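> below is the sequence, then the predicted model.
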Amino acid sequence: MHLATSRVAPHQAFRLGRATYGTQFHFEASRSVVRDWSRTFPDLVEKNSPGWAARHDALAATRGAEADAHGLALARAWVGLIA
């Protein structure tokens, strides 16, 4: 069962059977983690999302809290499934 998709990865998240999950994204990544990745891997970030570094601060200010909340909700749901 497909659970998530993106333009980069058509199989972003999926489930096989009752208890096998796969993800191709980091739902646990907060604004600070993304900021660190952007500084640590600037060439890769630019290749995957041109102009990201220039947009990051504005996006973090306008959408970051919501993104962090969604990531935390996903992480808690994931732990609930495997605990």
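Nice, thanks for sending it over. Numbering: from 1, shown residues only.
> any regions of the protein where pLDDT drops low?
83 (pLDDT under 70).
> for it, which helix is longest?
helix 52-82 (DSSP state H).
> show me what that one is packed against.
Judged by 3 or more C-beta pairs under 8 Å, 6 or more residues apart in numbering; DSSP states H and E, helix 52-82 is in contact with helix 31-40, helix 42-48. Heads up, the C-betas are built off the backbone N, CA and C, glycines and all.
> so which bits of that helix are buried?
56, 60, 64, 68, 71, 74 (16 or more other C-beta atoms under 10 Å).
> which residue sits closest to the fourth one, ignoring its sequence neighbours?
Nearest in space to D68, with sequence neighbours left out and distances taken as C-beta to C-beta, 6 or more residues apart in numbering, is S30 at 5.1 Å.
> quick check: closest non-adjacent residue to A60.
Per C-beta to C-beta, 6+ apart, closest to A60 is R31, 5.0 Å.
> could you check how far the one you found is from Y21?
25 Å (C-beta to C-beta, to the nearest Å).
> these two: who's more crowded?
Set side by side, R31 and Y21 show more neighbours around R31, with 17 against 14, by other C-beta atoms under 10 Å.
> check whether the more buried one really touches G71, as I assumed.
No: if you go by C-beta atoms under 8 Å, R31 and G71 don't touch, sitting 9.5 Å apart.
> give me the number of residues near V34?
So V34, with other C-beta under 10 Å, has 20 neighbours.
> from G64, how far off is it?
Counting by C-beta to C-beta, the separation of V34 from G64 is 9 Å.
> now S49
16 Å.
> ok, G17 next?
Taking C-beta to C-beta, one finds G17 at 35 Å from G64.
> ok, T23 next?
21 Å.
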